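[1] Sequence and predicted structure below; questions after.
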Amino acid sequence: MSGVPADDVFTVLDVGGTTLRIGTYDPETGALSEVRRMPVDGKHRAPGAPVPALRRRVVEQIVREVAAHTGGRPPRALGVAFAGPITAAGLVTAAPTIWGRRGDPLPLGALLSERTGAPAVVVNDLTAAAWRYAATEPGDFCLLTVSSGIGNKVFRGGEVLVDADGHGGELGHWVCDPSPDAPLCDCGGRGHLGAIASGRGVLAATRRAAHGDGAAFRGSRLAALCDGRVERIGNRAIARAVRAGDPFTTEVLRGTLVPLAQAITGVFASIGVCRYILVGGFALAVGETYRRLLVAEIRRLGCFGLGPERIDAMVSLGAADDDHGLIGVGRLLAARTPVPSPQGAP
């Protein structure tokens, strides 16, 4: 570990459904450095493994990467942004995109403190990311991520709105399609918003559409990017095709945005939040086109009391990086961790 002394900085991690990120956060300057990314050792890499085995793999990976990052020295503090609901005590109650079906609550915070020798704070990844944007947003806002899954967090009155058991901000598990053959969510439920409108959901919908209308697919920009083979369709190709204005791919994406727009209008109607920030690998890969398509659907549905210009201003894209959780959990740690006194000070 180079640069700032280890005693003065935090080690921060963002554990998502497909990627684990680790870096160094300087609480004095707010700078993030030494960031590394790697595949997370969860269901994405071992889809047939049982939940207990996947949980052990992920914990071991975190401990191993922290040791490698700090040269074996315990960090001053450890902050983990984790893709799943987290209680105030640091219990992971579910992690559908990481290890699938729900198991017993995992005391991840306590485990990491014991294994690394450092105080550990574990929060939901969107809770962490909300702290990043709280530094720049002048009022209340809702952060929405569209990546492996879908999640949201509302930041109001200086805090993220979740209860002590971690409930709140799980729009990805809202049942928007109650039909018995609705798409299957990573958590095992059917018809959840995340199964339909996440990056994985859009990928599945695009492949279904390609199988269902082969002629339209073969004539699409997407087919050219995938050598005409449905099994080679991926999210990067989908994002490229939509950005290029491909009608076939854009129409599939538009269909997946209907329930997401319904969810946003529901949040607005229930608690009056007028700012929505889009993050997540898939949404940001599509970029401004994704925002425009989503806004068009929200306008079609309507937000009671808001005109078209206000609705357009409601939704914006977050920073074009994947550092939201790392920066956010660093800021959260800085707010919660006492600053050491200068040498010799009382």
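    Perfect, I can see it now.

[2] could you say what helices and strands the helix or strand bottoming out on mean pLDDT in the chain packs with?
    Ranked by mean pLDDT, DSSP states H and E, the weakest helix or strand in the chain is helix 96-99, scoring a mean of 85. The contact analysis (3 or more C-beta pairs under 8 Å, 6 or more residues apart in numbering; DSSP states H and E) places helix 96-99 against helix 51-70. Glycine gets a C-beta too; all of them are placed from N, C-alpha and C.

[3] Of all the residues in the helix it packs on, which ones are buried?
    Using 16 or more other C-beta atoms under 10 Å as the burial criterion, the residues of helix 51-70 that qualify are 51, 54, 55, 57, 58, 59, 61, 62, 65, 66, 69, 70.

[4] Residue 12 is in contact with the last one, correct?
    The one in question is residue 70. No - counting by C-beta atoms under 8 Å, residue 12 is not a contact partner of residue 70; they are 11.7 Å apart.

[5] Buried residues of stretch 170-190, list them for me.
    Buried residues in stretch 170-190, counted by 16+ other C-beta under 10 Å: 170, 171, 172, 173, 174, 176, 182, 183, 185, 186, 187, 190.

[6] partners of the closest residue to the fourth one other than its chain neighbours in the sheet?
    I take that to be residue 173. If the residues on either side of it in the chain are set aside, residue 173 comes closest to residue 192, at 4.9 Å by C-beta to C-beta, 6 or more residues apart in numbering. Note on residue 192: beta-bridge partners by DSSP bridges are residue 175.

[7] show me the contacts for residue 192.
    The contact partners of residue 192, by C-beta atoms under 8 Å, 6 or more residues apart in numbering, come to 172, 173, 174, 175, 176, 185.

[8] I'd like the buried residues of stretch 170-190 as TSV, with secondary structure appended.
    Shown next, in TSV, are the buried residues of stretch 170-190 (DSSP: H, G, I helix; E, B strand; the rest coil):
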residue	secondary structure
170	coil
171	helix
172	helix
173	helix
174	coil
176	coil
182	coil
183	coil
185	coil
186	coil
187	coil
190	strand
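
[9] Let's have those residues in JSON lines, adding pLDDT and distance to residue 161.
    Compiled in JSON lines, the buried residues of stretch 170-190 are given as follows (pLDDT from 0 to 100; distance: C-beta to C-beta, whole Å):
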{"residue": "170", "pLDDT": "87", "distance to residue 161": "12"}
{"residue": "171", "pLDDT": "93", "distance to residue 161": "13"}
{"residue": "172", "pLDDT": "93", "distance to residue 161": "16"}
{"residue": "173", "pLDDT": "93", "distance to residue 161": "16"}
{"residue": "174", "pLDDT": "95", "distance to residue 161": "16"}
{"residue": "176", "pLDDT": "95", "distance to residue 161": "21"}
{"residue": "182", "pLDDT": "95", "distance to residue 161": "28"}
{"residue": "183", "pLDDT": "94", "distance to residue 161": "28"}
{"residue": "185", "pLDDT": "90", "distance to residue 161": "23"}
{"residue": "186", "pLDDT": "81", "distance to residue 161": "24"}
{"residue": "187", "pLDDT": "81", "distance to residue 161": "21"}
{"residue": "190", "pLDDT": "95", "distance to residue 161": "27"}
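
[10] moving C-terminal of the lengthiest helix in the chain, what's the next helix or strand?
    Ranked by residue count, the top helix of the chain under DSSP state H comes out as helix 247-271. Going down the chain from helix 247-271, the next helix or strand is strand 276-279, by DSSP states H and E.

[11] which residues touch the spatially most central residue of the chain?
    Centroid check for the chain by C-alpha atoms, centre = their mean gives residue 145 as the closest residue, at 4.8 Å. Neighbour list for residue 145: 125, 126, 129, 151, 152, 278, 279, 280, 283, 324 [criterion: C-beta under 8 Å, 6+ apart].

[12] Pairing partners for it in the sheet, please.
    residue 151, residue 279.

[13] so where's the protein shaky on pLDDT?
    Within the chain, the segments meeting pLDDT under 70 span 1-7, 338-346.

[14] would you list every one of the helices in the stretch 201-346 of the chain?
    For the stretch 201-346 of the chain, the helices defined by DSSP state H, counting those that start in this stretch cover 214-218, 221-225, 235-243, 247-271, 281-286, 288-301, 308-314, 324-336.

[15] To residue 26, which of the ones you listed lies closest?
    helix 324-336 (8.1 Å; C-beta to C-beta).

[16] From residue 231, how far out is the residue nearest to residue 248 when sequence neighbours are not counted?
    Counting by C-beta to C-beta, 6+ apart, residue 248 lies nearest to residue 220, which is 3.8 Å off, once chain neighbours are set aside. Residue 220 sits 16 Å away from residue 231, going by C-beta to C-beta, to the nearest Å.

[17] For residue 286, which residues are in contact?
    For residue 286, the contact set (C-beta under 8 Å, 6+ apart) comprises 238, 239, 242, 243, 253.

[18] For the second one, which non-adjacent residue is closest in space?
    If I follow you right, that is residue 239. Nearest in space to residue 239, with sequence neighbours left out and distances taken as C-beta to C-beta, 6+ apart, is residue 285 at 3.9 Å.

[19] What is the burial count for that neighbour?
    19 (other C-beta atoms under 10 Å).

[20] likewise residue 223?
    Residue 223: 23 surrounding residues under other C-beta under 10 Å.
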